[in-house]
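Chemist: next come a sequence and a model predicted from it.
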Amino acid sequence: MKNQFSLFTKRRFLPLFITQFLGAFNDNLFKNALVVLITYFLADKLTVQPQILVTLTGCLLILPMFLFSAQAGGIADKFEKAKLIRIIKIAEIILMIIGALGFILQNVSLLMTVLFFLGAQATFFGPIKYSILPQHLPDDELVAGNGLIEMGTFLAILLGNILGVVFITLPNGLIIISAMIFLMATLGYLSSCFIPQAHAPVPNLKLSLNLFKETWDIVNFSRKSTPIFLCILGISWFWLIGFTFLAVFPSYAKDFVGGNEDVFVLFLALFSIGIGVGSTLCNRLLKGQIEATFVPLAALGMTLFTLDLFWATHLEVPPTGPLLTLREFVQAPNHWRIMIDMLLIAISGGIYIVPLYAIMQHIAAESHKARIIASNNIMNALFMTVAAIITMVMFKLQMTIPHIFLTIALLNLVAVIQSCRLLPGDLIKSILRIVFQLIYRVEVKGIEHFHQAGQRVVISPNHTSFLDGLLLAAFLPGRLSFAMYSGYAQKWWVKPIGYLVDIFGLDPTNPYIMKSIVKYVKEDKKLVIFPEGRITVTGALMKIYEGPGLIADKADANVLPLLIEGAQYSPFSRLKGQVRIRWFPKITLTIYPPRKIKVSEDITGRRRRHLIGEELYQIMSTIMFLGTSLDKTLFKSLLDAKQLHGAKHKIAEDIKREPLTYGRLLIGSVVLGRKLAHLTQKGEAVGLLLPNVLATIVTFFGLQAYGRVVALLNFSSGAQNVASACITAKLNLVCTSRAFIETAKLQSLIKAIEEKNINIIYLEDLKEQVHFFDKMIGIIGARFPWLVGLSQKPEQAHKPAVILFTSGSEGTPKAVVLSSRNLHANKGQLASRVDFTPSDIVLNALPIFHSFGLTAGTILPILYGMKVFFYPSPLHYRVIPELSYDINATILFGTNTFLAGYAKYAHPYDFYSIRYVYAGAEKLKEENRRLWADKFGVRIFEGYGATETSPVISANTPMHNRPGTVGQFMPGIEYRLEEVPDINNAGRLYVKGPNVMLGYMFFDNPGVLVPPENNWYDTGDVVSIDNSGYITIEGRAKRFAKIGGEMISLTFVEHYLDKLWPQAHHAVVVMPDEKKGEQLVLVTTQEKADKSEIVQFAKSNGITELAIPKIIHIVAKMPLLGSGKVDYAGINALLSHM
């Protein structure tokens, strides 16, 4: 929501505000100075009673509103408004010159005449002032503009009333007043010269000089629109109440509370300031929305505080002693109740009147806007006249002022009840808003997108709980319509919602319902449909129906995506037993920019429905991702996860079988991180040489807590590569474990690191240094991190957090630098497409130094509340299936090689509890996919990524799975394909998105970050993308051979060899060839592999002879990297020795 006071910096508002402020101030300065002149200076010289003349001053200001409002409205609609304002201000200058002469001559008749024409001038200015606002201000600023105008008007009235009394009582007061009124009129004209032009809506309008007929016609015209006339009645009722209060304040101050004129001025000040506060507060309450949500409650507030004002003074005996001064009045405790009541009555009045003005301006047609406002002025004058008559009658009947307050309160209560009958939805809406704000601290973001969407809109929210409909009805502007299944629409608990919204019952057996809904939306209506069709039972996005998209398509409407967050943790969701239910979770409604469903007109029928459904799914999954909070550090996210799921929630376990809770993880992280922080500098990279055990996770988050960058070293890559990685990342310290080094026999690796003058710290040594004080710091830091200096700012999320290393297949390993934001983005991308839940159990045997093992196997489950079991090696093919059975694992991540190994040794029931298996890092073989489906009844979902993209770029999912591809791009990822010579229907893939790395570090320039060019990452892969967005990897750009003038994909050759000999591992590389330039060399574990079999298979499958390997080398074991990928650098080294 924009700050309403920012309007004061806009030329389209500030000059108008100053002009109207000075005008209102001048009118009241003139009137009050005249009243004081009559009452105190000329009372003995006049032939008419001063009281009559004082009453006449009020009538002279109101009378022109009856006489000229109709003509004023017509003129405002017919002519350019800024010019009209300047003409009116020139007339004010002339009037004030005459008025100044009247004051100097003390000519009451002349002053009364000027006062009448000032009333006429104000009558002509009013319709222009209120009709020019919607021309200069957009809808989302209209409430703010009206609020500031009302605030300025009442402050001007207050200052005019006060200074009119003060100035004229000064020595030479008549001269001072004369100078002031002329100066204010002149300044008003000067400010009006800066008001931007506002075109004439009806330049051809014919004006009538018949005052009474025109007045009658314009009031009748406004009555034709019920909403407009209700606004006029509501505004006029406010002026009736306000006029009554202002009329009785002098007598009330003197006769009932015993105060002097200063107390009367205090009452005026409280009333005017209260109106100003309420007027500006209204915009904050409505957040710029034009609706009557708080009008009934504000009217009720006026009634209650007026009743309290009655109770505060109706039993008091009028004082008989000397009048109280202002100081004496405010020192009496019982008088504070009176002052507070007056202030709250006025604040309620400001909240009451501003939206009515805005609604009237918004609804009124531009061609009649000024005349509608003129009709409002006429009714205002009528109601104020009625108020004056009623007040005089009540005084005549010897009724006291407190009884007048009681009468106002009771009459206003009747008006409140009537408004609730006419606007029941607005009352319920305002009550719901207050209740939801108090209980759930509801926050609405992106309300500007609601207004940008226009009138013809299909609102498409996710469905988290039974509260969703009420939340949308309460917090979205206007009266919405909901479409829901007729079975639900008939429920008793749904019917009361009909006061708030219009409900369409959907019946799948009745096609005419859909047609009627499309017709309804075409009439510029807003319709809400939950595209999931049901409340989520996973916490994630469920199946998306194409219905909302079809309606938007047929009605040519915008789709407005909306994300509801937080309600899924309330008792009104369907996630009990899956998430930690809380009574009062914070709820956020985020509205995203409107979208248009775009499908070619040539596509019809079922195909069109399918494509519309797919596009709607993309929209919804994208907003689920956009709802991910990216700008926080990994440690801050861990703190948030603990807050969400509870400190006692078990989050991790390893082979020691001692589960780790969020509370213990945080305490351990603070303790260990603090010890390591003493040995390093903030922002320094610290190496981590540890396997998949709980100590690794504690150390990882400990370093994150204290702002250190974690460099995860790949101990399987060999001593030379690890030492090279340490230099590249500019490490001074590597953290490891003696037990791990001894078990894994990595003494040579440690020696290689130490030879580079890099310090080694062992966890066992740090453990011995932990004392009672350290543990207390850990306990305090886990609960109140800011007390131990762990408050981390959002901007830190953009800084390096993790360093991973490439395999070094193309030379020395490169350091890949990732930020917390990168990792958050990728986990959010995954979670937006897959229904991970806190009830899932993840079995992670992928090493944490591998990006797949880090993001998917560690950060994702820990920060989303999923329990993760860490196993130190993915190569234990017999153990891991048994472990899955033992821990009831539901999620498994792996590579094709590892998954094939598990399937080979597993019992058919070992993976009985598995919901999803995700494969990445290498091509998933078809026979492996079939084996898992046949033996375990489990689908493997293949994905694709790179360390540089944190890592996931695309993935197949339970709802969108196409075997043979690597799925669709994750939300938030942009891509482009660059042409590769001699390769058709495919291109080299470049990607960009929040998950793309900060950059590389290179061995020849250690510690220096080199970001990707323009944030685009070159994957080096050649891919094709089908019409549905599914990606097929054709091969690495470097893994193509040019044979006989044609480009042959080595990946393709490996794929068809996998089909020929599915039980073996194959790797195809290129070597020089004297005749054809290059030749294919096959390295395989297939015993007795024969080229004739390959030739026969190729012929039967239509494969070109150029794709047949020329040389075959049989090996007992295929060289593999730690991630399970084929080690092509190792193969080339092997071939060089053959």
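Modeler: Arrived safely.
Chemist: number of nearby residues for the closest residue to V734 other than its chain neighbours?
Modeler: Leaving out its chain neighbours, the residue that sits closest to V734 by C-beta to C-beta, 6 or more residues apart in numbering is G687, at 3.6 Å. Backbone N, C-alpha and C define where each C-beta goes, glycine included. For G687, the count of nearby residues is 26 (other C-beta atoms under 10 Å).
Chemist: who's in contact with whatever helix or strand G687 lives in?
Modeler: According to DSSP states H and E, G687 maps onto strand 685-689. Here strand 685-689 makes contact (C-beta atoms under 8 Å, 6 or more residues apart in numbering) with 676, 680, 696, 699-700, 703, 708-713, 715, 722, 726, 729-731, 733-736, 740, 746, 749, 753, 758, 800, 803, 1007.
Chemist: emit the ChimeraX select command for whichever of the residues you listed are buried.
Modeler: ChimeraX command restricting the contacts of strand 685-689 to the buried ones, with burial defined by 16 or more other C-beta atoms under 10 Å:
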select :676,680,696,699,700,703,708,709,710,711,712,713,715,722,726,729,730,731,733,734,735,736,740,746,749,753,758,800,803
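Chemist: mind checking which of the contacts of strand 685-689 are in helices?
Modeler: Among the contacts of strand 685-689, the members falling in helices (DSSP state H) are L676, T696, T699, F700, L703, V722, C726, F740, L749, I753.
Chemist: take those and write them to a markdown table, including pLDDT and distance to E882.
Modeler: Shown next, in a markdown table, are these (pLDDT from 0 to 100; distance: C-beta to C-beta, whole Å):
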| residue | pLDDT | distance to E882 |
| --- | --- | --- |
| L676 | 93 | 36 |
| T696 | 96 | 23 |
| T699 | 96 | 28 |
| F700 | 96 | 27 |
| L703 | 95 | 33 |
| V722 | 90 | 31 |
| C726 | 94 | 37 |
| F740 | 93 | 23 |
| L749 | 90 | 30 |
| I753 | 91 | 35 |
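Chemist: pick the one among those residues closest to L766.
Modeler: L676 (7.5 Å; C-beta to C-beta).
Chemist: so who does A358 touch?
Modeler: Going by C-beta under 8 Å, 6+ apart, the list of residues near A358 reads L142, V143, N146, I290.
Chemist: surely the last one and V143 touch.
Modeler: Yes: counting by C-beta atoms under 8 Å, V143 is a contact partner of I290 at 6.0 Å.
Chemist: identify the contacts common to these two.
Modeler: Listed as contacting both I290 and V143 by C-beta under 8 Å, 6+ apart are P355, A358.
Chemist: so between those two, which is more surrounded?
Modeler: Just comparing I290 and V143: by other C-beta under 10 Å the higher neighbour count belongs to V143, 29 against 20.
Chemist: which SSE is the more buried one in?
Modeler: Residue-wise, V143 maps onto helix 139-168 under DSSP H and E.
Chemist: so for that helix, mean pLDDT?
Modeler: The pLDDT scores in helix 139-168 average 80.
Chemist: pull out the buried positions in that helix.
Modeler: Per 16+ other C-beta under 10 Å, helix 139-168 contains these buried residues: 140-165, 167-168.
Chemist: how far does the helix or strand just after it sit from the chain's center?
Modeler: Downstream of helix 139-168, the first helix or strand assigned by DSSP H and E is helix 173-192. Relative to the chain's own centre, helix 173-192 is displaced by 49 Å; criterion: C-alpha atoms, centre = their mean, to the nearest Å.
Chemist: show me what stretch 622-635 is in contact with.
Modeler: 462, 540-541, 561-563, 565, 590, 592, 637, 640, 669, 701, 704-705, 785, 790, 792, 794-798, 801, 820-821, 823-825, 827-829, 831-832, 859, 863, 970-972, 994.
Chemist: ok, 7 Å please
Modeler: Residues outside stretch 622-635 that contact it (C-beta atoms under 7 Å, 6 or more residues apart in numbering): 462, 541, 561, 563, 565, 590, 592, 701, 704-705, 792, 794, 796-797, 801, 820-821, 823-825, 828-829, 832, 859, 971-972, 994.
Chemist: could you identify the most distant pair in the contacts of A358?
Modeler: Maximum distance among these (C-beta to C-beta): 9.4 Å, for N146 and I290.
Chemist: rounded mean pLDDT for stretch 605-620, please.
Modeler: pLDDT averaged over stretch 605-620 gives 89.
Chemist: quick check: V579 touching D840?
Modeler: No: contact criterion C-beta atoms under 7 Å: V579 and D840 do not qualify, at 11.6 Å.
Chemist: count the neighbours of N220 for me.
Modeler: 10.
Chemist: before we move on, what about D910?
Modeler: 21.
Chemist: now swap in the one 3 residues further on and tell me
Modeler: Residue neighbour count, defined by other C-beta under 10 Å, stands at 14 for S913.
Chemist: roughly how far does it sit from E532?
Modeler: Distance of S913 to E532, given as C-beta to C-beta, to the nearest Å: 26 Å.
Chemist: how about M394?
Modeler: In terms of C-beta to C-beta, M394 sits 61 Å off from E532.
Chemist: list the buried residues for the strand or helix carrying I90?
Modeler: Per DSSP H and E, I90 falls inside helix 81-105. Neighbour counts using 16+ other C-beta under 10 Å place 81-82, 84-86, 88-89, 91-92, 95-96, 99-100, 102-103 of helix 81-105 among the buried residues.
Chemist: good, wrapping up.
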